[in-house]
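Asks: After the sequence you'll find the predicted model.
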Amino acid sequence: MKWEVVIGLEVHVQLNTVSKIFSGASTAFGAEPNTQASLVELALPGVLPVMNKAVVDKSIRLGLALDATINQKNIFARKNYFYPDLPKGYQISQMELPIIEHGKLAILVGEEEKIIRVTRAHMEEDAGKSLHEDFHGLSGIDLNRAGTPLLEVVSEPDMRSPEEAVAYAKALHTLVTWLGICDGNMQEGSFRVDANVSVRPFGQAEFGTRREIKNLNSFRFLEQAIKYEIQWQIDTIEDGGKIQQATVLFDPDSGETRMMRSKEDAHDYRYFPDPDLLPVRISSEQIDTIRAAMPELPGQMKARFAEAFGVSAYDAALLTSSLAQAQYFEAVASATGQGKLAANWVNGEIAARLNREGLDIAGCPIAAERLAGLIVRIADGTLSNKLAKQVFDALWESDLGADAIIQRDGLKQVSDVGAIEKMVEEAIAANPKAVEEFRAGKEKALNALAGQVMKASKGKANPAQVQDILKQKLTQA
Amino acid sequence: MSLTHQDVARIARLSRIAVTDAEIEAVGSQLNNILGLIEQMQAVNTDGIEPMAHPQDVSLRLREDAVTEPNRRDACQAVAPQVEKGLFLVPKVIE
Amino acid sequence: MINATLKQLSQQLTAGQVSAVELATAYLDRIDALNPALNVFITVDREKTLAEALAADARRAAGQAGLLTGVPIAHKDIFCQQGWKTSCGSKMLDNFISPYNAHVIEQCQAAGLVTLGRANMDEFAMGSSNENSFYGAVKNPWDVHAIPGGSSGGSAAAVAARLAPVATATDTGGSIRQPASHCGVTGIKPTYGVVSRFGMVAYASSLDQGGVMAQTAEDCALMLNVMAGFDERDSTSLERTREDYTRDLAQPLAGLRVGLPREYFADGLAGDVGRIIDNAVAELKKLGAEVVEVSLPNTQLSIPAYYVIAPAEASANLSRFDGVRYGHRADEYKDLVEMYEKSRAEGFGSEVKRRIMVGTYVLSHGYYDAYYIKAQKIRRLIANDFAAAFAGCDVILGPVAPTAAFNLGEKSGDPVQMYLSDIYTLSVNLAGLPAMSVPAGFADNGRPVGLQIIGNYFGEAKMLNVAHQFQQVTDWHSKAPAL
């Protein structure tokens, strides 16, 4: 049987405020345990939550970027369950009236664009952490993270493959960092993904029973976990089993998912409006002010790059995978007037080298102006591709500009017709066998001759000119 | 409607309050009496009435995003049942 | 001195006739003598009290005294007070020394009031008789067989027994007015949002409101000037310009329209209580008030609505008491869940457990709309009833409770009977209105009976005016039990 995969994601986006959502305690990562847990996070008797305005503003930014409805009246609710890292015994979240509903986010599937619908995004507080090591069989509770603001972004079950799920997660990650509302640090838990996965026979209208994979903190784990889960579900059904609704955890070591709790153990969260917090009301003016300060979004910039610089949709998507990347590209493309060439280099050499060295564009040793200097010399024929790569390596290692490197290393391409003719003639004279083969109709022999010329020029001869002159000389004689 | 022993056990569990088998009968009958009182609400028609969560129809005040809370760990942990290396200790949390 | 009002003590302190230390010592001595029999205080700490009194005297000597600097006060054990055990009447918090101060405590300290001790109360403010305290019931100073009322029974008994001239209190469903009525003292519950809830251990957040009890309405007005005011740490605290609650005390009552809700005088109201209220209304008429009949048709529904909303909110509010960060933790447990279940089963008394379980049930899956939403709709109907009534009157008068104080043990076995006695007080909290209890006479059994005055939103000054004028022509408020 052919199976169709259905995936929906719930992403916990930590908003990068300096203070917590309901108190003036610091949100800085990595402090000594419980030194950033104020009376409010400790849930002492009698303390009350006071809402952070930046959380609302940042949420509205995302809402506008997702082209979503901003609920101008939204309400906090208590989600009740007992857990040691949840000090009040309830999480302040939003249930019936979240701040954002009905958004959409475009992803690229191969060359095709696909719209993933965003059901809702709601504001809530993060929980603390349970530490399990080294407390003589007990767990230690650190409440520093408790009360860190989260925006939980819930998608519709619109994704049909692990690749689409990863593309959506990446697009959302790009967007929240682009907007400057989240630091995007997945290792520190700033962007955590839960995946709801089900399978159904192709053509079946109803969804299959889903299982929720909790807390995936890298794109790689997201992909691995979904792939494993899909196969597990298909195998289970094909072996005559039934999928039970459940929450599962992904174990990166084994690459498997395992059951955390079944539907029977599912919490009865007893949501109700939090009486300590009044309705959040957002004025149209507040939304307009935030809208006016919105940056150009990845989608918009992608379209503009294609339009203004003639780059492909695929390249444009890669270039807009982060704001820093897009800005880097735009600086290079604008300075050189060579959009396509700039795109090739940014998505090609730069990306490969950064990836190899574990850097991101912000840490790139070649600033945009220096890459532009290189591209200008490629465009004007000073450098062949081969020479350009040599210059690129030198740019990476030094602070010199492209021209200075070309000068220093004598890497200038030879385009002087007379000089090239001389080398071509020498090559023809030295390789009578190849000349004969070419004349007998063996086109490949031309390449061997061109190779000789290039070798003689130490790679500096303009390859196109070499080809032209070779053909000219061989057909003349 | 009337709560069964099973219902009472479920509510006690959700509430994280231990109720022994010996207590369950008495607790259940008291809860049933209270629920009987509450049932009186069902006699009144409230169609179209907007639920009232708060006495005043006011909006949430928002504070500026600033760090104002100092570290008061030692004072706060002075009343904690079990603490080590700044952490609150509890029986093993199993996920 | 022990019978002096707040106003009189203020004058004596200002005139230098008495020092804060002398006053505190006199009250502490009286507490030492009477508290064993009355069980009014959970915590008394002579050393701490005298240190505060000494500081108050120093402040006065430095010329920095306010009107109430040096006046002693009892605090309900629900307001977190730094360095003091804040038990909320519960075993759960028997070991909890608060590391911070409630807004109300800060305000009292800023005014220079001297803490005499921490007043007994029904556990987590749940109760109408004070029998739900982990520390045992408070005895009514007028009759030790009678309940003092609840939940602020310790506060009311402290003022009645002259163990304190004034006491802070809280009112979620009548917890200031009912004990004030049963103990023959004056008590006021302000409009929801007027006194900050920061540091007040939460019972039902949308209903809880701090207030005060004293001998007279004038004293209550003076105290409200100290306690009321905006606090940014409570999101439901209202941003309003400060008012002087004493400003209208002397206003004549001519032309005042007094509404009598017919539902408050129907079946269920004891004859002797009814006659006392009638007499009080007659006194006000003599002062020029005009009586109009009003209707609060959904009064009966306030009981079920309250006993859904309050337990629902409480069930969540009390989840923080889990034995992890503070409070009682069971000695033995085999795992985390058992630690929770045993700590909470041991730490909470039976009424608190009942309300948590009722609240858990009404919020649980499948019942939310039928109970919680329904109760909130009825809450709206009740608020609408008051709005309609206040269209035709300035204040509403009625009884506080159907009877004078009942006997200790009389209703403690039957929660529903206990709940039904809250009939005249619950609606006010559901609507968020201000209300008072003012001593108005004695029932046939000799126990005090209070007159309830309900004001419109922010009508505190008007209510205090009515109460004060009433107290100018009656002396019920100045009667004290023989102890």
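Replies: Looks like it arrived, so ask away.

Asks: all contacts plus neighbour counts: C-alpha atoms, from now on.
Replies: Fine.

Asks: of all the residues in the stretch 201-350 of chain A, which ones are close to chain B?
Replies: Proximity of the stretch 201-350 of chain A to chain B (Cα under 8 Å from any Cα of the partner chain) is limited to residues A:260, A:268, A:273, A:275, A:277-281.

Asks: Write out the residues of the stretch 51-200 of chain A neighbouring chain B.
Replies: Close to chain B, as judged by Cα under 8 Å from any Cα, the stretch 51-200 of chain A has residues A:51-54, A:82, A:84, A:130, A:132, A:135, A:137-142.

Asks: so of these, which ones are in strands?
Replies: Residues from these lying in strands, with DSSP state E as the criterion: A:130, A:138-142.

Asks: mind giving me CSV with those residues and columns for pLDDT?
Replies: As requested, those are arranged in CSV below (pLDDT from 0 to 100):
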residue, pLDDT
A:130, 92
A:138, 92
A:139, 93
A:140, 95
A:141, 96
A:142, 97
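
Asks: can the longest strand along chain B be found next to chain C?
Replies: Among the elements of type strand in chain B, defined by DSSP E, the one spanning the most residues is strand B:87-91. Yes. Using Cα under 8 Å from any Cα, a contact is recorded between strand B:87-91 and chain C, made by B:88-91.

Asks: could you say what helices and strands that strand packs with?
Replies: In terms of contact count using 3 or more Cα pairs under 8 Å, 6 or more residues apart in numbering or on different chains; DSSP states H and E, strand B:87-91 is assigned the packing partners strand A:138-142, helix C:336-347.

Asks: what does that strand contact?
Replies: Among residues not part of strand B:87-91, those counted as contacts by Cα atoms under 8 Å, 6 or more residues apart in numbering or on different chains are A:33-34, A:84, A:135, A:137-142, B:80, B:82-83, C:324-325, C:335-336, C:339.

Asks: Please pick the buried ones from the residues you listed.
Replies: Burial by neighbour count, 16 or more other Cα atoms under 10 Å in any protein chain shown: within the contacts of strand B:87-91 this picks out A:33-34, A:84, A:135, A:138-142, B:80, B:82-83, C:324-325, C:336, C:339.

Asks: Residue A:366: which of the residues you listed is nearest?
Replies: Proximity of the buried ones among the contacts of strand B:87-91 to residue A:366 was ranked by Cα to Cα; the top entry is residue A:33 with 40.0 Å.

Asks: beta partners of the closest residue in space to that closest one that isn't next to it in sequence?
Replies: Here the nearest residue to residue A:33 in space, its sequence neighbours aside, is residue A:142; by Cα to Cα, 6 or more residues apart in numbering or on different chains that works out to 5.2 Å. Here residue A:142 shows beta-bridge partners residue A:129, assigned using DSSP bridges.

Asks: where does the stretch 101-250 of chain C dip in pLDDT?
Replies: Low-confidence segments of the stretch 101-250 of chain C, defined by pLDDT under 70, are absent.

Asks: again, but for chain A
Replies: Scanning chain A residue by residue, the ranges that satisfy pLDDT under 70 are A:264-266, A:477.

Asks: The helix ranked longest in it: how far from the chain's middle?
Replies: Secondary structure of chain A per DSSP state H: the longest helix is helix A:219-238. When C-alpha coordinates are averaged (Cα atoms, centre = their mean, to the nearest Å), helix A:219-238 and its chain have centres 22 Å apart.

Asks: ditto for stretch A:244-260
Replies: Here stretch A:244-260 is found 25 Å from its chain centre; the criterion is Cα atoms, centre = their mean.

Asks: before we move on, the earlier item: what are the buried residues along the longest helix of chain A?
Replies: Using 16+ other Cα under 10 Å as the burial criterion, the residues of helix A:219-238 that qualify are A:219, A:221-227, A:229-230, A:233-234.

Asks: do stretch C:44-59 as well
Replies: Buried residues in stretch C:44-59, counting neighbours by 16+ other Cα under 10 Å, are found at C:44, C:46, C:48-50, C:52-57, C:59.

Asks: Filter the residues you listed down to just the ones in helices.
Replies: Among these, the subset assigned to helices under DSSP H consists of C:46, C:48-50, C:52-57, C:59.

Asks: TSV for the residues you listed, including pLDDT and distance to residue A:475?
Replies: Written out in TSV, the entries for those read as follows (pLDDT from 0 to 100; distance: Cα to Cα, whole Å):
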residue	pLDDT	distance to residue A:475
C:46	98	117
C:48	98	112
C:49	98	115
C:50	98	117
C:52	98	113
C:53	98	116
C:54	98	116
C:55	98	113
C:56	98	114
C:57	98	117
C:59	97	113
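
Asks: which one among those gets closest to chain A?
Replies: Of all these, the one with the least separation from chain A (Cα to the nearest Cα) is residue C:48, at 22.4 Å.

Asks: For residue C:25, see how far away that closest one is.
Replies: For residue C:48, the distance to residue C:25 equals 12 Å [Cα to Cα, to the nearest Å].

Asks: about what we covered before: farthest pair within the ones in helices among the buried residues of stretch C:44-59?
Replies: So, these by Cα to Cα: farthest apart are C:46 and C:59, at 19.7 Å.

Asks: tally of neighbours for the nearest residue to residue C:69 once chain neighbours are set aside?
Replies: If you skip the residues right next to it in sequence, residue C:69 has residue C:112 as its closest partner in space, 4.0 Å away by Cα to Cα, 6+ apart. Counted by other Cα atoms under 10 Å in any protein chain shown, the residues lying close to residue C:112 total 26.

Asks: who touches residue C:112 in this structure?
Replies: C:56, C:65-66, C:68-71.

Asks: can you do 6 Å?
Replies: Contact criterion Cα atoms under 6 Å, 6 or more residues apart in numbering or on different chains gives C:56, C:69-70 as the residues in contact with residue C:112.

Asks: since we're on residue C:222, how many residues are nearby?
Replies: In terms of burial, residue C:222 registers 17 neighbours under the definition other Cα under 10 Å.

Asks: Can you say which helix or strand has it in it?
Replies: Assessed by DSSP states H and E, residue C:222 sits inside helix C:217-227.

Asks: and that helix, what other elements does it pack with?
Replies: Helix C:217-227 sits against helix C:460-473, with contacts defined as 3 or more Cα pairs under 6 Å, 6 or more residues apart in numbering or on different chains; DSSP states H and E.

Asks: what comes into contact with the helix it packs on?
Replies: With Cα under 6 Å, 6+ apart as the test, helix C:460-473 has contacts from C:217, C:245, C:248-249, C:455.

Asks: mind putting these in a markdown table, neighbour count and secondary structure included?
Replies: Compiled in a markdown table, the contacts of helix C:460-473 are given as follows (neighbours: other Cα atoms under 10 Å in any protein chain shown; DSSP: H, G, I helix; E, B strand; the rest coil):
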| residue | neighbour count | secondary structure |
| --- | --- | --- |
| C:217 | 29 | helix |
| C:245 | 23 | coil |
| C:248 | 17 | coil |
| C:249 | 19 | coil |
| C:455 | 26 | strand |
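
Asks: on that earlier part again, just the buried residues of the residues of the stretch 201-350 of chain A next to chain B.
Replies: A:260, A:273, A:275, A:277-281.

Asks: With secondary structure added, can I get the residues you listed in a markdown table?
Replies: Converted to a markdown table, these look like this (DSSP: H, G, I helix; E, B strand; the rest coil):
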| residue | secondary structure |
| --- | --- |
| A:260 | strand |
| A:273 | strand |
| A:275 | coil |
| A:277 | coil |
| A:278 | coil |
| A:279 | coil |
| A:280 | strand |
| A:281 | strand |
